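**Student:** I'd like to go over a predicted model; first the sequence, then the structure.
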Amino acid sequence: MQNSDSSYDLCLASASPRREALLEQIGLKCLKYPVDLNESVLPGEAAPSYVMRLAEQKALAGQERSGTNLPVLGSDTSVVHQGKILGKPKNKRHAVDMLMQLSGQTHQVMTGVAVCQGRRILSLISVTDVSFRVLTEDECLAYCDSGEPFDKAGGYGIQGLAAVFVRSVSGSYSNVVGLPLFETAELLNQFGIRVLEPS
Ligand SMILES: Cc1cn([C@H]2C[C@H](O)[C@@H](COP(=O)(O)OP(=O)(O)OP(=O)(O)O)O2)c(=O)[nH]c1=O
């Protein structure tokens, strides 16, 4: 660790630059501590259980491996279409297939968020409905050439070029980008982390 824990508001058990930027947006400074877990879906596991389980596992692994006393946040975002979990695409063909599956359809983006400190752990799920216009295979191929799909659930980033695919969003926008800020602030408040606390 380069700095003492007291310079930070919380520990973020994540490699995602988006999650760090979202927490910065609400004035929180994170000690980043990525954890690498097996993200396979268990047989018969439903999407809400999956994102919640991974969020909790990431938070607990971050706490154990960093040894910090700070609250530790873990999170997992999945794209869910007709109950089926779409993770990150493995290659260009996989990304195009995912995007064509979402073409002209409404899907859900689900994020599980967990915060732990010592033996206490609290978690929640946020769900946003996202509707895509009809896409052509050629524009999906062109979108893949931008490189944007490959580190993102469902193979797209609403905050980037894929904004032109999105007809409507119902629910939390920040949830789609990787962390629902309204709900996360409420969760962190329960660990004494206050956003916009008067000085
Ligand atoms: C749908 C969508 C997902 N995403 C991103 C958010 C998440 O970073 C990623 C889903 O993968 P996750 O496994 O949730 O997160 P991650 O691997 O990036 O980071 P870590 O596990 O270390 O916390 O997809 C976007 O950035 N924009 C979008 O529109």
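**Tutor:** Done, it's in. Residues are numbered from 1 along each chain as shown.
**Student:** the residue nearest to F182 when sequence neighbours are not counted: neighbouring residues, count only.
**Tutor:** Distances taken as CB to CB, 6 or more residues apart in numbering place S172 nearest to F182, at 6.3 Å, with adjacent residues excluded. Glycine gets a C-beta too; all of them are placed from N, C-alpha and C. Applying other CB atoms under 10 Å, we find 19 residues neighbouring S172.
**Student:** how near is the most centrally placed residue in the chain to G83?
**Tutor:** The chain has G178 as the residue nearest its centroid, 2.9 Å off, counting by CA atoms, centre = their mean. Plainly put, G178 is 22 Å away from G83 if you go by CB to CB, to the nearest Å.
**Student:** thinking again about what came up before, surely the residue nearest to the centre of the chain touches T111?
**Tutor:** Yes: counting by CB atoms under 8 Å, G178 touches T111, with 6.8 Å between them.
**Student:** what touches both of the two?
**Tutor:** Common neighbours of G178 and T111 (criterion: CB atoms under 8 Å, 6 or more residues apart in numbering): S75, T77.
**Student:** return the per-residue confidence for the residue nearest to F182.
**Tutor:** On the pLDDT scale, S172 is placed at 98.
**Student:** residues in contact with it?
**Tutor:** Counting by CB under 8 Å, 6+ apart, S172 makes contact with S126, T128, P180, L181, F182, E183.
**Student:** now Y143
**Tutor:** The contact partners of Y143, by CB under 8 Å, 6+ apart, come to L99, P149, Y156, L161, A162, F165.
**Student:** restrict those residues to those that also contact the ligand, please.
**Tutor:** Contacts with the ligand within those, as defined by CB under 6 Å from any ligand atom: Y156.
**Student:** give the buried subset of the contacts of Y143 as a ChimeraX selection command.
**Tutor:** A single ChimeraX command selects the buried members of the contacts of Y143 (16 or more other CB atoms under 10 Å):
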select :99,149,156,162,165
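**Student:** run the chain-centre distance for stretch 62-79.
**Tutor:** Distance, stretch centre to chain centre, for stretch 62-79: 13 Å (CA atoms, centre = their mean, to the nearest Å).
**Student:** briefly note if it comes near the ligand.
**Tutor:** Yes: contact of stretch 62-79 with the ligand (CB under 6 Å from any ligand atom) involves S75, D76, T77, V79.
**Student:** burial count for the last one?
**Tutor:** Pointing back at V79 there. 24.
**Student:** enumerate the beta-bridge partners assigned to it.
**Tutor:** Per DSSP bridges, the residues bridged to V79 are L86, V109.
**Student:** who are the neighbours in contact with it?
**Tutor:** Contacts of V79 (CB under 8 Å, 6+ apart): I85, L86, M98, L102, H107, Q108, V109, A153, G154, G155.
**Student:** would you agree the last one is in contact with N91?
**Tutor:** No: the criterion here is CB under 8 Å, and G155 misses it with N91 at 10.4 Å.
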